[in-house]
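>>> pasting the structure only:
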């Protein structure tokens with residue numbers, strides 16, 4: 001079952017945990033104090049489920065545990081009151097795992113649908129996702145570099161797809177796995193809800209069509225993929241040789257390489273994008289925008305200069321520094337150079353233009369604080385690149 005994990009997600013998690021900043025925050029989030037507090041809240045506000053209380057739920061959890069080959073790991077199961085359909089698994093230390101389900105989820109989903117959700121949570125256990133508690137890290141993200149925060153959110157979205165795959169393997173029913181996601185997203189259930197896969201997947205096609213032009217960057221700050229994206233990803237897995245070889249279900253017509261390519265294409269609808277190195281206008285935009293942001297508080301520090309150099313190539317940086325040394329009045333030159341580059345960058349996709357602004361926020365944070373003057377410059381840069389200025393505030397709130 002470990003082969004169901006997205007290869008890209010595994011690599012992303014390894015790289016993130018190798019970063020000292022992320023590793024330190026993960027260790028803090030997984031401390032015994034936090035673990036005990038979570039368990040105490042569940043004991044105080046929820047119902048600890050045994051086979052005598054809700055036998056079907058306990059049996060479904062035990063079945064998913066066996067399918068995931070998780071052995072006899074000690075499990076505690078809780079149901080808590082909430083109108084929001086939700087489920088989670090928590091590492092309680094020493095191999096112990098707690099599974100918690102909202103009452104509305106248990107009431108609205110069929111047993112087969114619930115098995116898909118349970119399998120999803122077991123996927124997080126099997127793939128050791130709990131070693132990188134993204135939500136907890138992001139909730140206490142003060143001082144976390146924006147680039148790392150974005151990588152963490154991107155990994156979290158990939159991790160959800162990996163977990164969904166185990167959910168499908170556990171319930172072995174494409175319809176149940178997809179209707180579970182649809183019920184969770186819209187809050188409806190039978191008889192009001194009549195499922196039609198073709199109609200629902202059309203939403204994903206519309207999302208992909210809009211992803212190149214939409215100006216709302218909120219999706220990049222989500223730890224979960226769009227539900228239509230997750231449904232589309234499950235449909236691709238159902239067609240794959242990978243799933244057919246594991247559980248003997250599905251047509252088995254899609255090769256693993258093609259499956260991975262389709263999943264990455266789906267997830268790209270929620271990524272901020274990167275600008276190709278061949279785009280000289282983008283390199284110049286970052287460089288001159290970086291100098292403008294740095295001058296926003298009245299001085300350009302050595303730390304900011306190093307940050308600017310790290311975001312462009314050496315040749316472009318050296319040419320700019322030569323121009324600056326020969327200039328009598330720096331700020332007008334910087335603003336003119338940036339305006340010329342920004343005008344050429346407007347042809348880039350919305351995702352790439354937002355990515356340019358994100359890089360400039362990194363420059364502003366190079367000396368550990370973002371002055372009001374630098375924020376004002378960042379907002380002007382957003383206007384020049386046709387990016388909503390609220391994007392700057394979103395990033396800064398998340399990382400200050």
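Cool, the structure landed. Here the structure is a predicted model, which means the values were calculated and not measured. Numbering: from 1, shown residues only.
>>> buried ones in stretch 381-388?
Across stretch 381-388, burial judged by 16 or more other Cβ atoms under 10 Å covers 381-382, 384-385, 387-388. Just so you know, the C-beta spots here come from the backbone N, C-alpha and C atoms, and that holds for glycine as well.
>>> May I see those arranged in TSV, with secondary structure, distance to residue 103 and pLDDT as well?
As requested, the buried residues of stretch 381-388 are arranged in TSV below (DSSP: H, G, I helix; E, B strand; the rest coil; distance: Cβ to Cβ, whole Å; pLDDT from 0 to 100):
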residue	secondary structure	distance to residue 103	pLDDT
381	helix	48	93
382	helix	44	92
384	helix	50	93
385	coil	47	92
387	coil	42	87
388	coil	38	85
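>>> Would you state the helices of the stretch 201-350 of the chain in chain order?
For the stretch 201-350 of the chain, the helices defined by DSSP state H, counting those that start in this stretch occupy 227-238, 241-247, 256-267, 280-294, 302-310, 314-325, 330-345, 350-364.
>>> How about the stretch 1-150 of the chain?
Under DSSP H, counting those that start in this stretch, the stretch 1-150 of the chain gives helices at 7-17, 20-29, 32-45, 55-67, 103-108, 111-126, 134-139, 146-171.
>>> weakest of those by average pLDDT?
Confidence, taken as mean pLDDT, is least for helix 32-45 of the helices of the stretch 1-150 of the chain (a mean of 78).
>>> quick one, that one and helix 20-29 angle?
40 degrees (axes from the mean of the first three to the mean of the last three Cα atoms, to 10 degrees).
>>> so which of the helices of the stretch 201-350 of the chain is the most packed in?
When you average the neighbours per residue for each of these (mean count of other Cβ atoms under 10 Å), helix 280-294 leads with a mean of 25.
>>> which non-adjacent residue is nearest residue 255?
residue 241 (6.0 Å; Cβ to Cβ, 6 or more residues apart in numbering).
>>> Please give me every residue in contact with the one you found.
Residues counted as contacts of residue 241 (Cβ atoms under 8 Å, 6 or more residues apart in numbering) are 252-256.
>>> Now with 7 Å, please.
For residue 241, the contact set (Cβ atoms under 7 Å, 6 or more residues apart in numbering) comprises 252, 254-256.
>>> Same question for residue 67.
Residues near residue 67 by Cβ under 7 Å, 6+ apart: 119, 169-170.
>>> switch the cut-off to 10 Å
Counting by Cβ atoms under 10 Å, 6 or more residues apart in numbering, residue 67 makes contact with 1, 115, 118-119, 122, 126, 166, 169-172, 246-247.
>>> Adding distance to residue 134, write the residues you listed out as CSV.
Compiled in CSV, the contacts of residue 67 are given as follows (distance: Cβ to Cβ, whole Å):
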residue, distance to residue 134
1, 22
115, 25
118, 21
119, 20
122, 18
126, 17
166, 18
169, 23
170, 23
171, 25
172, 29
246, 27
247, 29
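>>> Whichever of the residues you listed count as buried, I'd like them selected in ChimeraX; how would that read?
Listed next is the ChimeraX selection for buried residues among those, using 16+ other Cβ under 10 Å:
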select :1,115,118,119,122,126,166,169,170,171,172,246
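>>> Looking at the contacts of residue 67, which two lie furthest apart in space?
118 and 246 (17.7 Å; Cβ to Cβ).
>>> picking that back up, can you lay out the helices of the stretch 201-350 of the chain as a markdown table showing mean pLDDT?
As requested, those are exported to a markdown table (pLDDT from 0 to 100):
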| stretch | mean pLDDT |
| --- | --- |
| helix 227-238 | 88 |
| helix 241-247 | 94 |
| helix 256-267 | 90 |
| helix 280-294 | 87 |
| helix 302-310 | 72 |
| helix 314-325 | 82 |
| helix 330-345 | 91 |
| helix 350-364 | 78 |
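>>> Just send the ones you listed back as a markdown table, with distance to residue 161 too.
Below are those laid out as a markdown table (distance: least, Cβ to Cβ, whole Å):
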| stretch | distance to residue 161 |
| --- | --- |
| helix 227-238 | 5 |
| helix 241-247 | 13 |
| helix 256-267 | 6 |
| helix 280-294 | 29 |
| helix 302-310 | 31 |
| helix 314-325 | 37 |
| helix 330-345 | 31 |
| helix 350-364 | 19 |
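>>> Thanks a lot, see you next time.
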